[in-house]
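In: All I have is the shape, not the residue letters:
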């Protein structure tokens, strides 16, 4: 069997708030409980397993989406009045990038993790 990522832990202040936020903004199914976790499943058989912790270290999570999904997610970000950026340094607010002939943007979830959507993998050309 090839090595595949199956799941990753997402340390947050409030797993209900963060897991629901991520699932809602990305247009995914509602989180499901599994032991101490709330699990958000993405389409490639990888899950984000949210767990409450006291000490946070913000991370970065990037999601590859289609052009249609990009527009839908951007609409949900705007509907929520969230700030988004074209760059990970959060200098170009209200914009998206066009790296690799695709589109990408960043925003924060409630615990401060930086989320990203891209329509083309980095390094794919274009």
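Out: That came through, no problem. For clarity, every value in this text was computed on a predicted model and none was experimentally measured. Residues are numbered from 1 along each chain as shown.

In: Need the contact partners of whichever strand or helix holds residue 49.
Out: Using DSSP states H and E, residue 49 sits in strand 47-52. The contact list for strand 47-52 (C-beta atoms under 8 Å, 6 or more residues apart in numbering) reads 6-15, 18-19, 22, 31, 34, 36-42, 61. C-beta coordinates here come from the backbone N, C-alpha and C atoms, glycine included.

In: how does it look with 7 Å?
Out: 7-15, 18-19, 22, 31, 36-41 (C-beta atoms under 7 Å, 6 or more residues apart in numbering).

In: what's the following helix or strand after it?
Out: strand 60-64.

In: what pairs with that following strand, and is each one parallel or antiparallel?
Out: Note on strand 60-64: by DSSP bridges, its sheet partners are strand 114-118 (parallel).

In: So what's the gap between the strand it pairs with and the chain middle?
Out: 5 Å (C-alpha atoms, centre = their mean, to the nearest Å).

In: returning to that earlier point: please spell out the PyMOL selection for the buried subset of the contacts of strand 47-52.
Out: Buried residues among the contacts of strand 47-52 (16 or more other C-beta atoms under 10 Å), as a PyMOL selection:
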select buried, resi 7+10+11+12+15+18+19+22+31+37+38+39+40+41
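
In: related to what we said a few turns ago, partner strands of the strand holding residue 49, parallel or antiparallel?
Out: Per DSSP bridges, strand 47-52 is paired in its sheet with strand 7-12 (parallel), strand 37-41 (antiparallel).

In: where does this protein have low pLDDT?
Out: Residue ranges of the chain with pLDDT under 70: 126.

In: so where do the helices sit in it?
Out: For the chain, the helices defined by DSSP state H cover 15-26, 67-79.

In: and the angle from the last one to strand 60-64?
Out: The reference is to helix 67-79. 140 degrees (axes from the mean of the first three to the mean of the last three C-alpha atoms, to 10 degrees).
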